[in-house]
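Visitor: got a structure for you, letters missing:
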């Protein structure tokens with residue numbers, strides 16, 4: 001058994017590798033599933049709503065966290081293995097369902113797959129918090145988000161190509177097999193058991209939530225991800241509906257976006273260990289506001305690829321630093337629950353942004369949807385400035 005607590009470089013490699021699982025699932029939910037439904041003649045509004053429903057488990061992470069903290073004696077390794085295997089199997093089951101004839105069933109199985117993935121993700125996060133030092137968290141967070149976006153890139157290129165040459169159900173089944181193989185990595189790792197159940201989880205979390213700074217931080221998290229939610233779903237639809245690109249090309253452009261996110265996550269995550277989280281977040285949000293606005297000028301696949309890649313670098317970096325800051329603010333006694341609440345707030349924003357993007361496109365147009373993506377970062381930076389001022393007092 002390998003003890004990763006004694007090898008920092010191995011920590012980064014293992015956590016990054018396991019996060020590929022999450023990236024694959026998100027690529028399937030946010031890119032392949034919308035394209036799959038569009039091919040089955042569903043409207044953009046139904047498509048984005050369906051993707052939003054599939055992603056709901058990501059706002060329920062605090063419930064998963066309560067279970068993980070309450071049954072810490074089971075060990076993070078067992079929870080990661082069990083939840084990862086269930087997520088893979090349910091994804092393979094979803095590949096057998098035709099959404100054109102049974103959309104509700106397809107959404108339900110995908111929803112269950114993401115519930116399992118939520119347990120997998122949060123068990124992994126809690127394990128990272130348990131064994132990491134504050135000075136390492138920028139790099140660990142960067143490695144995890146690097147793995148996340150590598151998985152998204154792999155999903156977009158490999159699974160997108162399979163969907164284009166064969167069919168979407170084969171791509172979904174292939175994704176399930178890859179996830180199953182990666183999930184087995186913890187079999188070779190030493191677990192860190194807690195012999196006793198964690199006590200007073202609810203009272204500890206209530207104490208944290210009553211803190212004004214924590215409440216403002218939760219509000220910030222729900223706003224900072226709205227931009228990413230709108231862009232992540234609106235841009236693939238824009239490529240299909242406005243630019244009339246084929247599935248493979250959309251997959252490759254989305255893969256470039258994911259690669260840029262991966263590069264940005266490790267770059268900004270490492271920089272935040274050196275120069276501080278808050279300074280990096282301020283700069284990143286300001287630049288992201290400007291670059292998002294450039295989307296309204298796009299009229300070709302080439303210009304879209306450039307702007308989308310820059311946005312990928314920025315949003316990947318922003319999320320990595322926000323993850324690291326969330327780890328810093330997490331109480332170790334209730335790591336899974338509190339970090340789950342933080343990530344639930346972050347995912348609420350992304351889910352809301354993705355869910356409303358189809359409605360914005362239907363009511364207005366793509367340009368207006370992109371401008372809303374720019375506008376939401378205004379209140380975000382104001383909230384973060386208030387948090388920064390309160391921290392100084």
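Guide: Received it, and whenever you're ready, just let me know what you need. Since we're looking at a predicted model, the values are computed, not measured.

Visitor: skipping its backbone neighbours, what lies nearest residue 257 in space?
Guide: The shortest distance from residue 257 to any non-neighbouring residue, by CB to CB, 6 or more residues apart in numbering, is to residue 312 (4.1 Å). Placement of C-beta: from N, CA and C, glycine included.

Visitor: so what's the residue count around the one you found?
Guide: 26 (other CB atoms under 10 Å).

Visitor: helix, strand or coil for it?
Guide: Three-state assignment for residue 312 (DSSP: H, G, I helix; E, B strand; the rest coil): helix.

Visitor: so residue 359 is in contact with residue 45, correct?
Guide: Yes - counting by CB atoms under 8 Å, residue 359 does reach residue 45; the two are 5.9 Å apart.

Visitor: so between these two, which is more surrounded?
Guide: It is residue 45, of residue 359 and residue 45, that has more neighbours when counted by other CB under 10 Å, with 17 against 14.

Visitor: list the contacts for the more buried one?
Guide: 358, 359, 362 (CB atoms under 8 Å, 6 or more residues apart in numbering).

Visitor: so which of these are in strands?
Guide: Among those, DSSP state E puts none in strands.

Visitor: in helices only, show me these.
Guide: 358, 359, 362 (DSSP state H).

Visitor: could you report the pLDDT at the residue lying closest to the last one once chain neighbours are set aside?
Guide: Using CB to CB, 6+ apart and skipping the chain neighbours, the partner closest in space to residue 362 is residue 45 (5.3 Å). Among the per-residue scores, residue 45 shows a pLDDT of 79.

Visitor: just residue 391 next, same as before
Guide: pLDDT for residue 391: 65.

Visitor: do residue 172 as well
Guide: With respect to pLDDT, residue 172 has a value of 94.

Visitor: cool, the one 5 residues further on as well?
Guide: Per-residue confidence for residue 177 comes out at a pLDDT of 95.

Visitor: pretty sure it contacts residue 88?
Guide: Yes - the pair residue 177 and residue 88 passes the contact test of CB under 8 Å, sitting 7.3 Å apart.

Visitor: could you list the low-pLDDT ranges of the stretch 251-393 of the chain?
Guide: Under the criterion pLDDT under 70, the flagged ranges of the stretch 251-393 of the chain are 391-393.

Visitor: correction: the previous question concerned the stretch 101-250 of the chain.
Guide: In the stretch 101-250 of the chain (pLDDT under 70), the answer is 191-201.

Visitor: for residue 184, grab the count of nearby residues.
Guide: 11.

Visitor: distance of it from residue 85?
Guide: Residue 184 sits 8 Å away from residue 85, going by CB to CB, to the nearest Å.

Visitor: one more: residue 186?
Guide: Distance, residue 186 to residue 85, by CB to CB: 11 Å.

Visitor: of these two, which one has the most company?
Guide: residue 186 (23 against 16).

Visitor: tell me the SS of the more buried one?
Guide: helix.

Visitor: who are the contact partners of the closest residue to residue 351 other than its chain neighbours?
Guide: Leaving aside its sequence neighbours, residue 351 sits nearest to residue 55 (CB to CB, 6+ apart; 5.2 Å). Shown in contact with residue 55 (CB under 8 Å, 6+ apart): 29, 30, 114, 347, 350, 351, 354.

Visitor: surely the last one meets residue 48?
Guide: Yes - applying CB under 8 Å as the test, residue 354 and residue 48 come out as touching, 6.1 Å apart.

Visitor: where do the helices of the stretch 51-200 of the chain begin and end?
Guide: All helices of the stretch 51-200 of the chain, identified by DSSP state H, counting those that start in this stretch, fall at 61-70, 76-94, 103-131, 137-154, 160-165, 168-183.

Visitor: nearest to residue 368, out of those helices?
Guide: helix 137-154 (26.4 Å; CB to CB).

Visitor: Provide a list of residues in contact with residue 99.
Guide: Residues near residue 99 by CB under 8 Å, 6+ apart: 36, 37, 40, 42, 106, 107.

Visitor: widest-spaced pair of those?
Guide: 40 and 107 (12.8 Å).

Visitor: if you count what's nearby, which of those two comes out ahead?
Guide: Taking other CB under 10 Å, residue 40 and residue 107 do not tie; residue 107 has more neighbours (22 against 16).

Visitor: from residue 123, how far out is the more buried one?
Guide: From residue 107 to residue 123 the distance is 25 Å (CB to CB).

Visitor: off-centre distance for stretch 112-127?
Guide: 11 Å (CA atoms, centre = their mean, to the nearest Å).

Visitor: how about residues contacting that stretch?
Guide: With CB under 8 Å, 6+ apart as the criterion, stretch 112-127 contacts 15, 18-19, 21-22, 25, 29, 54-58, 60-61, 64-65, 67-69, 76, 79-80, 82-84, 86-87, 90-91, 94, 144, 183, 192, 327, 335-336, 339-340, 343.

Visitor: try stretch 279-296
Guide: Residues from elsewhere that reach stretch 279-296, judged by CB under 8 Å, 6+ apart: 224, 227, 231, 235, 268, 271-272, 307, 310-311, 314-315, 317-318, 321-322, 325, 367, 370-371, 373-374, 377-378, 380-381, 384-385, 388.

Visitor: again, 6 Å this time
Guide: 268, 271-272, 307, 310-311, 314, 317-318, 321, 367, 370, 373-374, 377, 381 (CB atoms under 6 Å, 6 or more residues apart in numbering).

Visitor: would you show me how to pick out the buried ones of these in PyMOL?
Guide: Buried residues within those, by 16 or more other CB atoms under 10 Å, are selected in PyMOL with:
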select buried, resi 268+271+272+307+310+311+314+317+318+321+370+373+374+377+381
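
Visitor: so of the contacts of stretch 279-296, which ones are in helices?
Guide: Using DSSP H, the contacts of stretch 279-296 in helices are 268, 271-272, 307, 310-311, 314, 317-318, 321, 367, 370, 373-374, 377, 381.

Visitor: and of those residues, the nearest to residue 206?
Guide: For these, the nearest to residue 206 is residue 321 (27.8 Å; CB to CB).
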